[in-house]
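Student: have a look at this fold, sequence not included:
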């Protein structure tokens, strides 16, 4: 005999047999099916956004030592795991306010991870998994299939479908060479590997959706690794002791993108002036910029803006000329920068500049009025 027991927002299926009986928790638009070792997250009509793999844990925890090398906007990571925890048993501890909290106990490591599921929005489920501060790797392992296709991850230059690959998420310089010889072999010896690798990207995003109608988005800003090398398993690991993620359900790619951007932000429409002419690049100092604008005007070219990349100055490196990543006006090139911008603006031409999140030692930058390094 079996009986459905309904109480405190959880549905419990009780019966006989050796297999653990799952509890079903309703959170937002999702059902969370949980027994001590297995987890399934699905919509009420049965569409799964996450399911434990057939073998192994669905939650992992670990410790690792990492050496990071940095050079000119490029990074390399040399990581070795010192401890891995995989023997996990989960127990619901609290239900209420439209959320459910659970404790995951790792018997092989004597460690506990606190999990909390809450509604993030329509068709979006939020998970936060937190371990003690002495842990620095935490991940989700889910069931997959050989036919599942993983797309997204921001701007990736080496393919669309990432099934069969391990993809780190860490934004940096895209790299010079990226496999092309002989430049790659020469530059890869530089600090941080300026040659780059197949996955290095200016714009990487820890978000993926698949052809099965599900999406997974990490909210973490720490380095993450998506592992889709196996046919039947995928893994998303964060290099931290806290993992924050959203599971998203949708019937098609457009719906998944709509629901993802609803929670994580949508690009604003471009300003109207950007559509009223060409945006040209000009550099080399104020006189060169004005000459380039005059040349465009003489040719009858409508101008919306001029992009002045070298407003902060140029420096010579082993990789050629690069901007001074000190983010102050180079007065030797643009002594009248404010007047230049005002003059072009009065002429209906906007001025665009360039910046990135890196710094360089500007002690040898002639005329620099500040040093952010």
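Tutor: Thanks, I have the structure now. Everything numeric in this text was worked out from a predicted model, so none of it was measured.

Student: show me where the stretch 151-300 of the chain has its strands.
Tutor: Assigned by DSSP state E, counting those that start in this stretch, the stretch 151-300 of the chain shows strands spanning 166-169, 204-210, 214-218, 224-227, 233-238, 242-249, 278-281.

Student: and residue 27, which of those is closest to it?
Tutor: strand 242-249 (10.4 Å; CB to CB). Yep, even glycine has a C-beta here, placed from its N, CA and C like the rest.

Student: just give me how far that closest one sits from the chain centre.
Tutor: 12 Å (CA atoms, centre = their mean, to the nearest Å).

Student: give me the angle between that strand and strand 233-238.
Tutor: Calculated by axes from the mean of the first three to the mean of the last three CA atoms, to 10 degrees, strand 242-249 forms an angle of 140 degrees with strand 233-238.

Student: mind giving me the packing neighbours of strand 242-249?
Tutor: Packing contacts for strand 242-249, counted by 3 or more CB pairs under 8 Å, 6 or more residues apart in numbering; DSSP states H and E, involve strand 48-51, strand 124-130, strand 137-143, strand 214-218, helix 253-264.

Student: identify all contacting residues around it.
Tutor: 29-30, 41, 43, 47, 49-50, 120, 123-131, 138-140, 209, 213-220, 236, 256, 259-260, 263 (CB atoms under 8 Å, 6 or more residues apart in numbering).

Student: mean confidence for it?
Tutor: Taken as a whole, strand 242-249 has a mean pLDDT of 98.

Student: is it possible to get TSV of the strands of the stretch 151-300 of the chain that adds mean neighbour count and distance to residue 364?
Tutor: Listed next are the strands of the stretch 151-300 of the chain as TSV, based on neighbours: other CB atoms under 10 Å; distance: least, CB to CB, whole Å:
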stretch	mean neighbour count	distance to residue 364
strand 166-169	20	33
strand 204-210	22	32
strand 214-218	23	40
strand 224-227	20	37
strand 233-238	23	39
strand 242-249	22	41
strand 278-281	14	26
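
Student: can I get these in JSON lines with distance to residue 325?
Tutor: Formatted as JSON lines, those follow (distance: least, CB to CB, whole Å):
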{"stretch": "strand 166-169", "distance to residue 325": "23"}
{"stretch": "strand 204-210", "distance to residue 325": "20"}
{"stretch": "strand 214-218", "distance to residue 325": "28"}
{"stretch": "strand 224-227", "distance to residue 325": "25"}
{"stretch": "strand 233-238", "distance to residue 325": "28"}
{"stretch": "strand 242-249", "distance to residue 325": "31"}
{"stretch": "strand 278-281", "distance to residue 325": "19"}
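
Student: and residue 100, which of these is closest to it?
Tutor: Closest approach to residue 100 among these is made by strand 242-249 (13.8 Å; CB to CB).

Student: give the pairing partners of the closest one; include direction for each.
Tutor: Paired neighbours of strand 242-249 in the sheet (DSSP bridges): strand 124-130 (antiparallel), strand 214-218 (antiparallel).

Student: including distance to residue 205, could those strands go into a markdown table?
Tutor: Listed next are the strands paired with strand 242-249 as a markdown table, based on distance: least, CB to CB, whole Å:
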| stretch | distance to residue 205 |
| --- | --- |
| strand 124-130 | 16 |
| strand 214-218 | 8 |
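
Student: for residue 360, find the nearest of those.
Tutor: strand 214-218 (30.0 Å).

Student: now what about the closest one, what contacts it?
Tutor: Outside strand 214-218, the residues that touch it by CB under 8 Å, 6+ apart are 47-50, 140, 152, 169, 206-209, 224, 236, 238, 243-250, 256, 259-260, 263-264.

Student: quick one: low-confidence ranges for the protein?
Tutor: For the chain, applying pLDDT under 70 flags the ranges 1-21, 319, 367.

Student: swap in 50 and give it another go.
Tutor: Residues of the chain meeting the criterion pLDDT under 50: 1-18.

Student: which parts of the chain are helices?
Tutor: Using DSSP state H, the helices found in the chain span residues 183-187, 253-264, 286-298, 337-346.

Student: can I get those in a markdown table including mean neighbour count and distance to residue 366?
Tutor: Below are the helices of the chain laid out as a markdown table (neighbours: other CB under 10 Å; distance: least, CB to CB, whole Å):
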| stretch | mean neighbour count | distance to residue 366 |
| --- | --- | --- |
| helix 183-187 | 16 | 28 |
| helix 253-264 | 16 | 43 |
| helix 286-298 | 15 | 17 |
| helix 337-346 | 14 | 16 |
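
Student: any chance of the ones you listed in CSV, with distance to residue 352 too?
Tutor: Output for the helices of the chain, formatted as CSV (distance: least, CB to CB, whole Å):
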stretch, distance to residue 352
helix 183-187, 29
helix 253-264, 25
helix 286-298, 12
helix 337-346, 10
